[in-house]
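Novice: quick check, what structure comes out for this input:
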Amino acid sequence: MAVTRQVAFRTQRVTAPDLRDGRIRIPCTSTASTKSLFPATRATVALVLRGRSMRCLWNPRMGPDRERSGVLRVGPVLRDLVSEDEVLTASPSDHGTVRIN
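Specialist: Prediction:
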């Protein structure tokens, strides 16, 4: 029987400035690229953050000189759902929604 390995998509560590600004940073490089869960261009994306459905602004931050970490603009509600220093886990969901826990 073949064993399927589950890919772990992770965010960057949530910092105090991230909480203040209501953003989740998505790393540009990792073994499993979390950025691949999101569009290649700026967009409004459907997100389920800790069970709460929302629409967020997504910026992949593809700079002219180098790729940077992408940014999800969640807004002030982030402080109610996430604590400083957490690294969140992301996964694809139905209908193009991304789930972050």
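Novice: what's the single longest helix in the chain?
Specialist: The longest helix of the chain (DSSP state H) is helix 16-21.
Novice: determine how far it lies from the middle of the whole chain.
Specialist: Helix 16-21 sits 15 Å away from the centroid of its parent chain (C-alpha atoms, centre = their mean, to the nearest Å).
Novice: show residues contacting it.
Specialist: With contacts defined as C-beta atoms under 8 Å, 6 or more residues apart in numbering, helix 16-21 is touched by I24, R25, L78, R79, V82, E84. No exception for glycine: its C-beta is placed from N, CA and C like everyone else's.
Novice: of all the residues you listed, which two lie farthest apart?
Specialist: Spatial extent of those (C-beta to C-beta) is set by the pair R25 and R79 at 15.5 Å.
Novice: neighbour-wise, which of those two wins?
Specialist: Neighbour count, other C-beta atoms under 10 Å: between R25 and R79, R25 has more, with 18 against 14.
Novice: so what's that one up against?
Specialist: T11, Q12, V14, D18, S69, G70, V71, L72 are the contacts of R25 under C-beta under 8 Å, 6+ apart.
Novice: can you list which of those are found in helices?
Specialist: Using DSSP H, these in helices are D18.
Novice: quick one, strands of this structure?
Specialist: When secondary structure is read from DSSP state E, the chain shows strands at 9-10, 23-26, 43-49, 52-59, 70-73, 89-92, 98-100.
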